[in-house]
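S.K.: Predicted model and sequence follow; I will ask about them next.
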Amino acid sequence: MLHQTPTPTTPSSPQPPASWLTTVTTREKAPKMTENVELVNKYGEPLRYDRNFQGPRQRDRSCTDVPCLILFLLFLGGWGFIAHYAIQHGDLNQLMVPTDMFNRKCGIDSSVLNKKYLFFFDLDKCIDPLVPITGCDTPQVCVESCPTQNFDWNSMRNTMNFDELKKRLVCKTDADKATIYTKGDIERAISENRCARFYFKSQQFLNRCMFEFSDQLCEFVPKYLLRNRRDSKLLLPGNASVSQEFQEMALMMQTDAQARVAPQVSTQQKEVDEQVGQCKRHQLNAAVIKEKMMQTDTRLAKLVGNLVARFYNGTHDAQRLGEEIVEDLVNSSTVVLLALVVTLIASLFFISLMRWLAAPILWFSIFGVLTGLLVAIYYSFKNYSFWKNTPTVPMHGFNVHEQIKNLLQDSNNWLYLSIFLCVCFVIILLLVIVLRKRIRIAIALTKEGSKAVSTVISTVFFPIFSWALYILAIIFAIGVGLYLGSIGQPSFRMVRRLTANGEVTNEPCVCNGPAINYTVGEACDPKIFQQYCHINQRLDNCIQTTCSFVEINNPTWIRWSMAYNIFGFLWLSFFISAFSDMVLAATFARWYWTFKKRDVPYFTLTHAFCQTALYHLGTLAFGSLILAICRMIRLVLEYIDAKLKKYDNTVTRAILCCMRCFFWLLETFLRFLNQNAYIMCAIHGKNFCSSAKDAFNLLMRNFLRVVTLDKVTDFLFFLSKLLLTAGAGVSTYYFLVNNPAVIQLNHNAVPTTVVVVGAFLITSVFFGVYSMAVDTLFLCFLEDCERNDGTPEKPYFMSKQLMKILGKRNKLPQRQRRSK
């Protein structure tokens, strides 16, 4: 048998443990470890000894909550059918239609029916991670086709005739272009930002004009490629100096260049040709190009620069800072990777050392908090005495600084603060004194968790499996949602454009024929509007009044399918989390309920994975369904709250606030209950309801221990993550500062910040597994206390330290004590 429980040396009838106490009624005896008789009476009798109990190793397991598993599989099948239907009938192009600066849908709205591509005046400004939130701060207009030639006004105005220049112009409106008759008009329109100063040959991507990637920029910007990008000056035919914006754009395109511009006619032709030849020779050398790309990824530099510019004064300095940040990231990638690997190893090592470090860290922190409170109390009383005996006149200014000084000079404020700190000190001190034994138990269980994780080290990498499933679920749900959102007929409405001041235009747009009933604010058809709505006798098209796209009218059942998709994602995500919790719980429970820890199987995690997948998927589906329903109700409440905000009803907002708070608390409680139910199911193999009931009763019979363990472990894990993260950051910064010969950077804080963020994520994952180990061992410990009494027939499985804290010991024969 797998379970090696010591057998009695002499036959004898079981004797009740000496630690049992007698209640005032005729009930059976309750164990001493329960908090009080009232809790025992309210939450059931303690667990009894069962000679057939073998923990997670029981061979008589059966499938639990099968109806819930069948329901879950049917639900996934329905979700798959909806996904198939959405992909077959949906069209993402309807959702991806670009919108210009005048809020017109390119190729859809009436005034741009024949212009389905979006052109950006300065695409540089769109290389920003905040663009989805803040938008792209550059004029955007609908065009019939993306540019097929390069254009730069500064370099071409003296080498091309007016007609060719006007033909290449891209302006905000057709009216802006129609008012241009001379090169002076072009200069004025470009200066007023009514027309684009430069652009590159482009290709459409999702109906948006993007750079056409090529390898011929050497002939277009030769000198710029051959010199330092911060100091060089781009020279083109005619010795024309290109604008700063064009230089930045040219830099960004240096490895994905554009087609060449006009023929070389400058007196500096020889110099340019020589530079072109040199650049081409560099292009032939793949190693040189690769090194150049590794040193400066200009697109990423532009993205970072645009992001920094939002928090940094001066666009030029921000762009330079962005380039330096990216350069530092590229150059320090090896150091960052090495630091993260060291952090990973250090986390594993630290978890192993927690069996010795847990107690010093916790007690030192507790005494540190108490000492800090004493110092704060002394400082507060000192300031109270000082300001009480020092007459002052309050400052009458309204700025924040003066108001803060008034608060600090008020003796009553220091008195109130002193009283508050004294109350906190007394409460914490009393809690430590009263709960000192339970704190010692929590520390001992933390040490046990360290041993369990160190024994089954593969558990710390198991969350990678859950992450992969999470990512797949997110991608699937988003894809289905987008396709569902594209099913339906587009709706249009006749609207008037707003001026720059936010005023509504008053264009005399008159509709005839089939559009005679069209009025502002009502439905319309863009094709009919374009044909039958005009502003004068010459039948000029309406400019300020348009038939604009509003939304896609989804059929009712499609809207229900969207809700089905959201609920499916919630259910599946909670199911994945539950599966991870139960696998880890089964692994650590197997470790605890193995009497001789050296007998723990090597493939414990694999056995727990298979056991969970074969027997308890129905239980996971049941628990995750409850959480998904609760989360769905919370989302509905958020939706209702967003819809009712415009009415500003105080009573309604108060009711919704209470309901949102209630369901948040309910979900928090259910998550706690579900986790413990999964642990009990992993141990005993019972269904969800029975496991949840047993876990709840067991925890409530030991309520103070539960609260103490939860807070102690949270505090310990927070300090541990903080220590490891800070250690990784400080070590990285110290290495970079003291080894300039190894690596030279512009800003040592850049790789240090990356290491700190990565270290925090790594430690969060590892200590998440550690936390699950402690929670599992805690339930096993409580059950061990109730089931066993230390006799040879019913020995304790807990560690010697836990038995010492509780005043218990195993009464085993000498030979078995040595072999344990």
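M.R.: Here it is on my side, so go on. A quick note: this is a predicted structure, and the numbers were derived from the prediction, not measured.

S.K.: show me where the stretch 301-450 of the chain has helices.
M.R.: Counting by DSSP state H, counting those that start in this stretch, residue ranges of the helices within the stretch 301-450 of the chain are 315-331, 333-388, 400-408, 411-434, 436-455.

S.K.: what's the most buried one of those?
M.R.: helix 436-455 (a mean of 22; mean count of other Cβ atoms under 10 Å). For glycine as for every other residue, the C-beta is placed from the backbone atoms N, C-alpha and C.

S.K.: What residues of whatever helix or strand comes next after that helix count as buried?
M.R.: As assigned by DSSP states H and E, the chain's next helix or strand after helix 436-455 is helix 463-485. Counting neighbours by 16 or more other Cβ atoms under 10 Å, one finds that the buried residues in helix 463-485 are 463, 466, 469-470, 473, 476-477, 479-481, 483-485.

S.K.: nearest to residue 79, of the residues you listed?
M.R.: Of all the buried residues of helix 463-485, residue 480 has the smallest distance to residue 79: 7.6 Å, by Cβ to Cβ.

S.K.: Can you check my assumption that residue 552 lies in a helix?
M.R.: No: going by DSSP: H, G, I helix; E, B strand; the rest coil, the assignment for residue 552 is strand, not a helix.

S.K.: Any idea what it is bridged to?
M.R.: residue 490 (DSSP bridges).

S.K.: List the residues that contact it.
M.R.: Taking Cβ atoms under 8 Å, 6 or more residues apart in numbering as the criterion, residue 552 is in contact with 94, 95, 485, 486, 487, 488, 489, 490, 491.

S.K.: Quick one, which of those residues are buried?
M.R.: The buried subset of those - by 16+ other Cβ under 10 Å - is 94, 485, 486, 487, 488.

S.K.: Just give me the closest of these to residue 176.
M.R.: residue 94 (29.9 Å).

S.K.: Which positions in the helix or strand that contains residue 584 come out as buried?
M.R.: Element membership for residue 584 (DSSP H and E) is helix 556-592. Neighbour counts over helix 556-592 (16+ other Cβ under 10 Å) mark 558, 561-562, 564-592 as buried.

S.K.: ok, back up a step: I'd like the contacts of residue 552 laid out as a markdown table, including distance to residue 684 and pLDDT.
M.R.: Listed next are the contacts of residue 552 as a markdown table, based on distance: Cβ to Cβ, whole Å; pLDDT from 0 to 100:
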| residue | distance to residue 684 | pLDDT |
| --- | --- | --- |
| 94 | 53 | 75 |
| 95 | 50 | 76 |
| 485 | 45 | 88 |
| 486 | 49 | 87 |
| 487 | 48 | 89 |
| 488 | 51 | 86 |
| 489 | 56 | 86 |
| 490 | 57 | 86 |
| 491 | 57 | 87 |
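
S.K.: Pull the number of nearby residues for the residue nearest to residue 347 when sequence neighbours are not counted.
M.R.: The spatial neighbour of residue 347 that comes closest, neighbours along the chain excluded (Cβ to Cβ, 6 or more residues apart in numbering), is residue 766 at 4.6 Å. When neighbours are counted by other Cβ atoms under 10 Å, residue 766 registers 25.

S.K.: For residue 766, give its distance to residue 354.
M.R.: 11 Å (Cβ to Cβ, to the nearest Å).

S.K.: And residue 778, by the same measure?
M.R.: Applying Cβ to Cβ to residue 778 and residue 354 gives a distance of 15 Å.

S.K.: sorry, back to before: now the helix holding residue 584 against helix 436-455, angle please.
M.R.: 100 degrees (axes from the mean of the first three to the mean of the last three Cα atoms, to 10 degrees).

S.K.: did I read that right, the residue nearest to residue 347 in a helix?
M.R.: Yes: assessed with three-state DSSP, residue 766 lies in a helix.

S.K.: mind listing what it touches?
M.R.: Counted by Cβ under 8 Å, 6+ apart, residue 766 has contacts 347, 348, 351, 460.

S.K.: With respect to residue 140, which of those residues is nearest?
M.R.: residue 347 (47.5 Å).

S.K.: My guess is the closest one contacts residue 725. True?
M.R.: No: in this structure residue 347 lies outside contact range of residue 725 using Cβ atoms under 8 Å: 9.9 Å.
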